[in-house]
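In: Fold the following, please.
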Amino acid sequence: MDGILNVYKEKGFTSHDVVAKLRGILRMKKIGHTGTLDPDAVGVLPVCLGKGTKVCDLLTEKQKTYETILQLGVTTDTQDLSGKVLSEIEVTASKKEIEKAISMFCGKYMQIPPMYSALKVNGKKLYELAREGKEIERQPREVYIYNLVIHKIDMDLKQVYLKVDCSKGTYIRTLCHDIGEKLGCGGAMLELKRTRVSDFLLQDSYTLSEIELLMNQGRLAEVVIPIDKLFEQQKRVVVSSEYQKYVDNGNKISRNFLEEPVSLEIGEQVRVYDSNKRFIGIYQSEKLQELKPVKIFI
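Out: Purely as a prediction, here's the structure:
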């Protein structure tokens, strides 16, 4: 089975737990996830199956959307409320001051990764060092906040409900922490839900128990997204049957091999199919009317 499953990761599971459970449910080994979610977080986790694992890196790069609750007035060692409380400070900022501070994080943003993260330094994950009581210097990384919407500010509970559209590599825990620092009272993430990864939406996701039920009913294929669906924005071309051996062997192909002529810019990528409408992979236009394979899925 090849393709992508839009999994709803439930609270308490790591992303690796989800993959391990799916290996048992689907009775297959070649499965990979497309970016970690904290155990306490919930939401969209695209999981790649079979030849679909070749697009794991592509999906990891995609834009994501989160809904989170920021708790003001507290800082923790993990930057969320699961961690050890380091400080508690009275929140004196007004609603307008909170709104202004949050708005300052839109756009390009240099973010220091948290110690409790899976990033590696000298072959060791940061969270492993953190659990040993060690803290090391981390270099800021550029991330991008495309949109930051305040759904609600509860001044009694000192909680802010946010929707965040962001680039890959953005830590929402750290964003909450940094907003709290900007306000001078500290902040930590209370809840996190990922509602979108590229075109994979929360409302279209399935829990592990729902996936298991579909598998037992022989209906899993109904929810597995074909690999070529990810490349729908690219032109579709079909190779004539007499040139089948070229695509089967992963060779470059001439535009003359195509069933229908197509106008392409140098460097433009296309979806290539054989005469049986089987998806072969992504090719890129080169000089001399050639198409070079970029990623093959057969």
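In: Skipping its backbone neighbours, what lies nearest Leu258 in space?
Out: Nearest non-adjacent residue to Leu258, counting by C-beta to C-beta, 6 or more residues apart in numbering: Val237, 5.1 Å away. Heads up, the C-betas are built off the backbone N, CA and C, glycines and all.
In: how many neighbours does the one you found have?
Out: For Val237, the count of nearby residues is 21 (other C-beta atoms under 10 Å).
In: which parts of the helix or strand containing it are buried?
Out: Using DSSP states H and E, Val237 falls within strand 235-238. Buried residues in strand 235-238, counting neighbours by 16 or more other C-beta atoms under 10 Å, are found at Val237, Val238.
In: any residues touching it, and which ones?
Out: Residues outside strand 235-238 that contact it (C-beta atoms under 8 Å, 6 or more residues apart in numbering): 258-260, 262, 264, 268, 270-275, 277, 283, 291.
In: Please tell me how far the residue nearest to Leu258 sits from Leu72.
Out: Distance check for Val237 against Leu72: by C-beta to C-beta, to the nearest Å, it reads 54 Å.
In: ok, Met110 - contacts?
Out: Pro140, Arg141, Glu142, Val143.
In: cool, and Ile4?
Out: 46-49, 52, 55, 59, 200, 224-225, 227, 229-230.
In: which residue sits closest to it, ignoring its sequence neighbours?
Out: That would be Ile225: by C-beta to C-beta, 6+ apart, it lies 4.5 Å from Ile4.
In: give me the number of residues near that neighbour?
Out: The tally of other residues near Ile225 (other C-beta under 10 Å) stands at 18.
In: pLDDT at it, what is it?
Out: Note on Ile225: pLDDT of 95.
In: One more: Met215?
Out: Taking Met215 on its own, its pLDDT is 96.
In: Now it: which helix or strand?
Out: Element membership of Met215 [criterion: DSSP H and E] is helix 208-216.
In: next one: that helix to chain centre, how far?
Out: Mean-position distance between helix 208-216 and its chain equals 23 Å (C-alpha atoms, centre = their mean, to the nearest Å).
In: now do stretch 179-192
Out: With C-alpha atoms, centre = their mean as the basis, the mean position of stretch 179-192 lies at 23 Å from the chain mean.
In: How about stretch 170-182?
Out: 19 Å.
In: Begin at 11, not 1, for the rest of this chat.
Out: In the new numbering, first residue 11, that becomes stretch 180-192.
In: List the contacts of that stretch.
Out: Applying C-beta under 8 Å, 6+ apart, the external contacts of stretch 180-192 come out as 48, 74, 76, 78, 80-85, 88-90, 111-112, 114-115, 119, 121-124, 126-127, 153-155, 170, 174, 176, 196-199, 202.
In: Recalculate using a threshold of 6 Å.
Out: Residues outside stretch 180-192 that contact it (C-beta atoms under 6 Å, 6 or more residues apart in numbering) are 76, 78, 80, 82, 89-90, 111-112, 121, 124, 153, 196-199, 202.
In: In strands, which of those appear?
Out: Applying DSSP state E to those, the entries found in strands are Tyr76, Thr78, Leu80, Leu82, Gln121, Val153, Gly197, Ala198, Met199, Leu202.
In: How much space separates the fourth one from Met165?
Out: With distances defined as C-beta to C-beta, the gap from Leu82 to Met165 amounts to 10 Å.
In: So for the two, which residue has more residues nearby?
Out: Shown here are Leu82 and Met165; by other C-beta under 10 Å, Leu82 has more neighbours (25 against 13).
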